[in-house]
Structure formats: C-alpha cells, structure tokens
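S.K.: Fold the following.
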Amino acid sequence: MASPPLTSAHQYNRLSDDARRKHVVDSPFVWDVARHLDYTRRSEEGGRPNQYPLWVFFLWLILIHEYGSSRRVEEALQDQLHGPWAQIRFAAIREFGHERPHLVPPQAPPSRNAFNYALKHHLPTNTGLLSTLVRGRSRRLAVTMGLGTTDAPGSTSRPDRHRVAYGDVTVMTVRTRRLAKDAREADRTTGEVRVRRHDPDAALHTTGGGAITPGLAFAFTHLRGPNRNQQVILAVDPVQPTGPTEGHLVVDQYLEAAHHLPGLVGYAYDRALRGVHLNRLLKAGHIGLVGNHRNKGQTNDRYHGTETHHLPDGSTREVEIHLVGGAPHIRTFDVNGNEHLQPLKRIRINKRYNKSTNTFRMSAEYQVPAPDQESGGYLRIRLDETAEDLIRGYNRPEHLRAFPESDPTYVNVQKPLRASAESANRAIDDHHPRERLHHFGYETSHLSMLAWQAYRNGQTEAIFAPQQVTPDTGKVPIPA
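M.R.: Residues are numbered from 1 along each chain as shown. Below you'll find the predicted structure:
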C-alpha cells in the first residue's frame with residue numbers, strides 16, 4: 001500500500017514549510033548518501049576519532065538551503081525542544097540502529113565548528129561519490145515519474161517534453177565582489193600589504209541581461225513533467241576555466257543521463273551549443289533542440305549544397321538545397337522566371353547505428369511539393385557531420401536543424417523547456433540570501449549545489465512519487 005501524497009490534488013504542487021522540513025529528514029536522497037558515505041578516520045591519520053558520521057554534515061548542507069544559513073542550522077539543531085535533531089537521530093536509528101550503529105549520531109547535536117571542519121577536510125574528498133549517489137537517485141526518481149523512459153509519449157521524429165532534457169548555466173554571485181587580482185591592498189600609512197577577503201575562483205561573467213558580475217558558473221541538466229513543479233535535476237557541475245567548456249560539459253551531462261534513461265531523445269538548450277556540440281549529440285543518436293546562432297548584421301540563411309531527390313517513378317535527380325533559419329528549402333521559378341524558396345515538409349527522422357565507429361547516422365526525410373506530375377517524392381538529408389563536410393569545410397550541424405525555430409515542435413517543446421530552465425535559475429537565485437553563494441570557491445560551492453539538487457529533488461519525490469516510502473515501517477527502501 002502506497003503512502004498518500006503530501007499535498008492535496010486540489011492544491012498547488014507545493015509543500016508547506018512544516019512538510020518540507022519534515023521531508024528533509026525522511027528524504028531518500030539523504031539516506032542514499034548515508035548508506036554509502038561511511039567514512040571513519042584511519043589510525044594513521046592521527047587526531048581524535050570522528051564523533052559524527054559524515055552524512056550528518058551533508059544533511060547540514062541541505063538544511064542550509066532550508067534555514068538560509070549555517071548559523072541558523074546550528075540554532076535549529078541546538079533547540080532540543082523544537083529542533084529537528086531528535087527526528088534526525090530517530091530516523092538514523094530506524095535506518096541503521098541494528099545493522100550499522102556507528103552511523104547513528106550521538107545525542108548531542110554537532111556544532112558549526114564541527115561542520116566547518118568537515119566541509120574543509122572530509123566532504124571535498126567525497127565530492128565525486130556524492131555526485132554519483134545524488135545523480136543515480138535523481139535518475140531513478142525520473143523513471144518512477146515516467147520521465148525519460150521508453151514508455152513515455154514521444155519519439156525522435158516527434159519529441160515530447162517527457163523525453164527531452166533541458167539545461168542551462170547559471171552564474172551564482174560570490175559572497176564578496178572582490179576578485180583575486182584585487183585582493184592585495186597596501187596600507188597607505190604603514191605600507192603593510194594585506195590580503196582582503198575574496199573568492200579565489202571568482203571571475204567576471206556576463207549574464208543574459210548583459211550585466212557583468214563576479215561569480216561562479218554552474219551547469220544544470222533537468223527533466224520535467226507536465227505538472228507544476230514536476231521537475232527533476234539530473235546533474236549539476238561547475239564550469240571551471242581549467243575544465244570542459246560550457247557546451248561540452250552540458251553535453252557530457254546529457255549523454256551520461258541518456259545512458260541510464262534510454263527514453264531520452266533530445267536536449268533543449270540555448271544558442272551556446274554550437275555545431276561541434278550538436279554533432280556530438282547527433283553521433284550519439286540524439287537531437288539538439290537549439291536555435292540558430294545569429295551574428296549581428298548577418299543573416300543565418302545560406303546555401304547548403306545538392307541532395308538527391310527521389311521521384312515517385314523511382315528515378316533520382318540532384319536538387320539545390322538552401323537553408324532559411326535552419327530549415328531546408330528548394331529553389332523554384334514561376335512563369336516569369338522569378339526565383340522562390342519553397343520549404344520542405346519533414347516526414348520522419350531516421351537513426352541508424354554504425355557498428356564500426358560505434359556512432360549513429362542521423363538523417364531526416366522531407367516531402368517535396370508536387371505542383372505537377374514530374375515532381376513530388378522525397379529527399380533524405382544527413383543531419384550529422386559527414387566525411388565530405390570535413391573535406392569542403394562545411395559545418396553541417398551548425399546550420400542545419402532537424403527542428404528549426406519555425407517548426408511547431410520547436411515552439412511546443414523547446415520554448416517551454418527553455419522557460420523552465422530560466423525559472424529554475426531564478427528559483428536558485430532567490431533561494432540564496434541576496435542571491436549570493438553560501439560558501440567560497442568551486443570546491444565547497446559544488447557540494448552546496450549537490451545539496452541543492454538533493455533538496456529540490458527530495459521535494460519533487462515527496463509530491464509526485466510518495467510511494468517510495470513504505471508506510472508499514474516508514475523506512476526508505478534501499479534502491480536496487
């Protein structure tokens with residue numbers, strides 16, 4: 001018997017403050033981490049043994065997003081009468097009391113000094129494990145909600161929002177606006193050089209509105225359902241200067257998710273994805289729902305080349321293809337000899353696997369208009385980059401779109417998902433005090449973003465997948 005949802009069907013899909021704080025303690029994301037983050041100090045490391053299991057401090061990171069700051073988390077945990085520490089210990093006893101008692105924290109709650117020490121020395125060494133655990137649980141949540149599965153509506157030829165992931169990069173403002181190059185300051189009286197407080201990883205970023213702000217960039221990939229707040233964060237990673245660029249990083253996130261969610265057919269993103277990134281998606285058998293890149297003062301229309309026109313009688317002929325906004329057109333002439341570009345209607349998208357290269361060949365079939373008996377038939381145009389493109393220097397994925405901006409699929413799928421990505425960015429900005437990060441540097445801020453992923457996905461699970469918690473024992477089942 002499944003437990004009832006935490007909200008009524010006649011209410012908004014949101015949790016009250018009390019329900020949200022209760023679910024943070026019972027969230028399967030927390031206990032997934034607790035089972036695997038079994039860290040104990042080795043004798044050769046020296047120092048006192050750990051008083052608290054490490055999962056307690058990851059839960060502290062999650063509670064920061066709930067209470068607003070680390071100081072307020074400490075105040076809440078120290079409140080023995082109304083604070084959540086008693087519920088946290090009870091949940092730990094429920095999960096580990098008999099099998100792994102060393103994972104049950106002591107009766108006294110941890111202090112902020114203990115959290116800061118763990119955040120500096122222990123949690124960063126487990127960032128990769130935390131990311132793997134949270135991503136795995138997020139993908140299982142998506143499957144439970146019917147997102148990204150082969151049973152979900154839609155296909156490669158007709159994508160549906162259930163099977164199309166989307167992403168974006170958000171720039172989080174750092175706690176101080178001072179950059180590393182401006183941190184050194186000399187006292188004019190004594191000549192003493194002091195290093196002012198600053199974020200060592202901060203850099204200047206230009207936001208979508210054109211404002212330049214010092215911050216840290218993080219890439220997110222999401223899936224969403226048709227209902228309000230039915231959103232799953234699949235992955236979050238920092239966009240560091242020494243790491244992959246934004247385009248390659250988000251494509252890596254999507255392809256990793258697609259490996260575990262076989263129903264995914266496409267990725268919706270903004271124009272930051274260029275031809276080299278879209279070609280990676282196409283070679284992996286997925287479609288990129290991305291608008292054409294536009295240069296100021298330049299048109300995005302161009303001559304594509306010749307393609308084979310298959311006529312209804314079985315014969316073929318070569319026709320010129322022109323791209324207008326990423327959509328293929330053929331050139332026709334009226335009785336006066338005036339030139340016209342006529343759009344082609346897409347029939348389907350074909351996907352063929354190439355065993356020798358372990359890649360896919362993506363092509364689209366288009367119906368050719370038949371104004372007379374001699375035309376009609378269809379055209380088949382490759383979407384991914386070919387060997388001939390490399391020879392003639394033609395960036396096919398950059399200019400040709402399977403779903404151009406004028407296509408109804410683009411309007412009905414890509415635009416709502418892009419709006420959802422901007423809404424997710426707005427939510428994380430508004431949730432942080434003064435829209436600034438809680439911590440300094442990419443290392444600890446990445447841990448904070450992983451806690452945000454667990455925090456938001458835990459709320460989604462409470463609303464849309466409450467059957468994950470069994471009411472008989474109240475214990476979160478261990479996922480397969």
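
S.K.: Do you have the helices of the stretch 201-350 of the chain handy? List them.
M.R.: 246-260, 275-283 (DSSP state H, counting those that start in this stretch).

S.K.: can you redo those helices as a markdown table with distance to E435 and mean neighbour count?
M.R.: Every residue, glycine included, has its C-beta placed from N, CA and C. Formatted as a markdown table, the helices of the stretch 201-350 of the chain follow (distance: least, C-beta to C-beta, whole Å; neighbours: other C-beta atoms under 10 Å):
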| stretch | distance to E435 | mean neighbour count |
| --- | --- | --- |
| helix 246-260 | 21 | 20 |
| helix 275-283 | 29 | 22 |
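
S.K.: could those helices go into a markdown table alongside mean pLDDT and distance to K120?
M.R.: Shown next, in a markdown table, are the helices of the stretch 201-350 of the chain (pLDDT from 0 to 100; distance: least, C-beta to C-beta, whole Å):
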| stretch | mean pLDDT | distance to K120 |
| --- | --- | --- |
| helix 246-260 | 95 | 26 |
| helix 275-283 | 95 | 36 |
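
S.K.: got a markdown table for the ones you listed, with distance to D151 too?
M.R.: Output for these, formatted as a markdown table (distance: least, C-beta to C-beta, whole Å):
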| stretch | distance to D151 |
| --- | --- |
| helix 246-260 | 15 |
| helix 275-283 | 23 |
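
S.K.: Out of the ones you listed, which gets nearest to S423?
M.R.: Between S423 and those, the shortest separation by C-beta to C-beta is 17.6 Å, and it involves helix 246-260.

S.K.: That closest one packs against which elements?
M.R.: Helices and strands touching helix 246-260, as assessed by 3 or more C-beta pairs under 8 Å, 6 or more residues apart in numbering; DSSP states H and E, comprise helix 127-144, strand 164-173, strand 212-224, strand 231-238, strand 266-268, helix 275-283.

S.K.: Just say which of those is most tucked in.
M.R.: For the helices and strands packed on helix 246-260, the largest average neighbour count (mean count of other C-beta atoms under 10 Å) is found in strand 266-268, namely a mean of 28.

S.K.: mind checking how far that strand is from the chain centre?
M.R.: Mean C-alpha position of strand 266-268 versus that of the full chain (C-alpha atoms, centre = their mean, to the nearest Å) differs by 11 Å.

S.K.: just so I know, which of the helices of the stretch 201-350 of the chain lies nearest T359?
M.R.: Distance to T359, taken as C-beta to C-beta, is lowest for helix 275-283 among the helices of the stretch 201-350 of the chain, at 4.3 Å.

S.K.: can you pull up the bridge partners for the residue nearest to L341 when sequence neighbours are not counted?
M.R.: Leaving aside its chain neighbours, L341 sits nearest to H329 (4.0 Å; criterion: C-beta to C-beta, 6 or more residues apart in numbering). Following DSSP bridges, H329 is listed with bridge partners H322, P343.

S.K.: thought H329 was touching E339?
M.R.: No - using C-beta atoms under 8 Å, H329 is not in contact with E339; the gap is 11.0 Å.

S.K.: Looking at these two, which has the bigger crowd around it?
M.R.: Taking neighbours as other C-beta atoms under 10 Å, H329 and E339 compare with H329 leading, 19 against 9.

S.K.: Now for the more buried one: which residues touch it?
M.R.: For H329, the contacting residues are 321-323, 341-344, by C-beta atoms under 8 Å, 6 or more residues apart in numbering.

S.K.: Let me know the closest of these to R163.
M.R.: Set against R163, the nearest of those by C-beta to C-beta is L344 (24.9 Å).

S.K.: shouldn't the closest one be in contact with E365?
M.R.: No - with contacts counted by C-beta under 8 Å, L344 stays clear of E365, the gap being 9.5 Å.

S.K.: Show me which of the contacts of H329 is closest to L255.
M.R.: L323 (26.6 Å).

S.K.: ok, that closest one - how many residues close by?
M.R.: L323 has 21 neighbours, counted by other C-beta under 10 Å.

S.K.: Tell me if I'm right that it and H304 touch.
M.R.: Yes - in terms of C-beta under 8 Å, L323 counts as a neighbour of H304; the distance is 5.0 Å.

S.K.: before we move on, back to that, could the contacts of H329 be laid out in CSV, adding pLDDT and distance to V265?
M.R.: Formatted as CSV, the contacts of H329 follow (pLDDT from 0 to 100; distance: C-beta to C-beta, whole Å):
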residue, pLDDT, distance to V265
I321, 91, 25
H322, 91, 28
L323, 92, 23
L341, 87, 29
Q342, 87, 28
P343, 89, 23
L344, 91, 22
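
S.K.: And those residues, which two are furthest apart?
M.R.: Of all pairs drawn from the contacts of H329, the widest gap by C-beta to C-beta lies between L323 and Q342 and measures 13.1 Å.
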